[in-house]
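Peer 1: any chance you could fold what I've pasted below:
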Amino acid sequence: MAEYIAFLRGINVGGHNIKMDVLCERFEAAGLAKVETFIASGNVIFESRSADTAQLEAKIERQLALSLGYDVATFIRTRAEVAHLADCAAFSEEKLASARAFCVAFVKAPLSAAQAATLQQFATDVDEFHTTGREIFWLCKVRQSESKFSNAQFERKMGIAGTFRSITTVKKLATKYPPR
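Peer 2: Residues are numbered from 1 along each chain as shown. Okay, here's the model as predicted:
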């Protein structure tokens, strides 16, 4: 069985408060095994016989839309991919030391050249971005709430869904759920 971590968009934010045991039940109803959650913000660890993550994402999104009544964008990574992200040197140590927030955005596919150029339009003296594969790293020199950048703004201007997690959460996931 393959081991995955799903990052869900919009769980326990914006009035959509879902109990984690209910979320686990929804994943199990989709035929997934050994389901558990990590902090109440839409991080779900599970196993599946399928190696097709795009198919798994679509299956989970259908299940959640049917049972919750609204769309939940889902982004799946393997444990090895999460471990790699936790160790990724997206920014220099000097820049990291000046950051108040450091987040990773999960998207469905690598950005096109046009999307990468659009992303850089969000860059300011306090917000910096780096992309690698299906992830976008966001370094913020002020509190996230003080930045003019937001997930909603990102999705609207980029025309794609994405979900952000702090690098601390990504590192904790990588430590608790290492590749086997």
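Peer 1: using PDB, list the CA coordinates for the longest helix that the chain contains.
Peer 2: In the chain, with assignment by DSSP state H, the single longest helix is helix 53-68. In PDB, the C-alpha atoms belonging to helix 53-68 read as follows (Å, rounded to 0.1, in the frame of the first residue of the first chain):
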ATOM      1  CA  THR A  53      -2.500  10.600  -7.100                       C
ATOM      2  CA  ALA A  54      -4.600  12.700  -9.500                       C
ATOM      3  CA  GLN A  55      -7.200  10.000  -9.500                       C
ATOM      4  CA  LEU A  56      -7.100   9.800  -5.700                       C
ATOM      5  CA  GLU A  57      -7.400  13.600  -5.400                       C
ATOM      6  CA  ALA A  58     -10.500  13.500  -7.700                       C
ATOM      7  CA  LYS A  59     -12.000  10.700  -5.700                       C
ATOM      8  CA  ILE A  60     -11.500  12.400  -2.400                       C
ATOM      9  CA  GLU A  61     -12.900  15.700  -3.700                       C
ATOM     10  CA  ARG A  62     -16.000  14.000  -5.000                       C
ATOM     11  CA  GLN A  63     -16.500  12.200  -1.700                       C
ATOM     12  CA  LEU A  64     -16.100  15.400   0.300                       C
ATOM     13  CA  ALA A  65     -18.300  17.500  -1.900                       C
ATOM     14  CA  LEU A  66     -21.100  14.900  -1.600                       C
ATOM     15  CA  SER A  67     -20.800  14.500   2.100                       C
ATOM     16  CA  LEU A  68     -20.000  18.000   3.200                       C
END
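Peer 1: please identify the buried residues of the helix or strand following it?
Peer 2: Sequence order places strand 74-78 as the next helix or strand after helix 53-68, per DSSP states H and E. Neighbour counts over strand 74-78 (16 or more other C-beta atoms under 10 Å) mark 74-77 as buried. For glycine as for every other residue, the C-beta is placed from the backbone atoms N, C-alpha and C.
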